[in-house]
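*Asks:* The amino acid sequence is not available; the structure is as follows:
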Ligand code: ADP
């Protein structure tokens, strides 16, 4: 059975989720109170409906509780986002993802039981900042306040060395979980794997250790 999604709020964030899910072949119902926005998604989503998600009877009549996953992507109107989440929760929706505008919004969402809370602008800002600070950092995923997964480009200094030669795990306490080389990806590389300049190393560890590794070797 195909999973069914509903996206409420078709601004830049909700719209892009709706488009990406549809491109993956998922069933998506797109909803917004703005008719123009809805019209823009009528050929992209499986169904596109005009409606106010803070009105419980509207959500009920759409059979919202039968959807596997509902994404609340209401931007600036924090009150509408909270109320919508509360109604979805009360109607028994299985999985609810909500976009938060700030920490206060997140706190309330978590109290009322949103399953997943996302901060796309904040997270993207952090990722881009890492990328700007270091030319070698291609991408960055925060695991906790102190741990990350980072994609680094292997430097000339690393070229022709194996992971053992560089003694990465002992010296830096980090792990290289995969190496991307052109179109190939080597998952869990052997310690004897030769590194080439330009390889993309996917590194997991404490931020301080990754920084040390970057400064000394990259
Ligand atoms: P973004 O920052 O992702 O671009 P926006 O604030 O521009 O977000 O968009 C949020 C969307 O949510 C708008 O299209 C708006 O019409 C819609 N929206 C806001 N409140 C409701 C509501 N109660 N019901 C349905 N859609 C809503």
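*Replies:* Everything's here; your move. Because the structure is a prediction, the values reported are computed rather than measured.
*Asks:* which residues of this protein fall in helices?
*Replies:* Along the chain, counting by DSSP state H, helices occupy 12-23, 35-40, 56-61, 78-90, 103-111, 120-133, 163-166, 168-172, 207-217.
*Asks:* Can you name the residues in contact with the third one?
*Replies:* This points to helix 56-61. Applying C-beta atoms under 8 Å, 6 or more residues apart in numbering, the external contacts of helix 56-61 come out as 51, 52, 53, 84, 87, 88, 90, 91. Just so you know, the C-beta spots here come from the backbone N, C-alpha and C atoms, and that holds for glycine as well.
*Asks:* same check, this time on the second one
*Replies:* Contact with helix 35-40 is made by 10, 11, 15, 30, 31, 32, 48, 49, 50, as judged by C-beta under 8 Å, 6+ apart.
*Asks:* looking at it, the fifth one is touching residue 55, isn't it?
*Replies:* No: the pair residue 31 and residue 55 does not pass the contact test of C-beta atoms under 8 Å, sitting 11.3 Å apart.
*Asks:* So for those two, which residue has more residues nearby?
*Replies:* Ranked by neighbour count (other C-beta atoms under 10 Å), residue 31 and residue 55 place residue 31 first, with 29 against 14.
*Asks:* what's the nearest residue to residue 2 once chain neighbours are set aside in contact with, if anything?
*Replies:* Closest residue to residue 2 apart from its sequence neighbours, by C-beta to C-beta, 6 or more residues apart in numbering: residue 27 at 5.4 Å. If you count contacts by C-beta under 8 Å, 6+ apart, residue 27 has them with 2, 3, 4, 5, 46.
*Asks:* Could you do residue 47 as well?
*Replies:* By C-beta under 8 Å, 6+ apart, residue 47 lies in contact with 28, 29, 30.
*Asks:* thinking again about what came up before, with distance to the ligand and mean neighbour count added, can I get the helices of the chain in CSV?
*Replies:* Below are the helices of the chain laid out as CSV (distance: least, C-beta to the nearest ligand atom, whole Å; neighbours: other C-beta atoms under 10 Å):
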stretch, distance to the ligand, mean neighbour count
helix 12-23, 3, 18
helix 35-40, 5, 14
helix 56-61, 8, 15
helix 78-90, 4, 19
helix 103-111, 13, 14
helix 120-133, 8, 13
helix 163-166, 42, 16
helix 168-172, 39, 16
helix 207-217, 29, 17
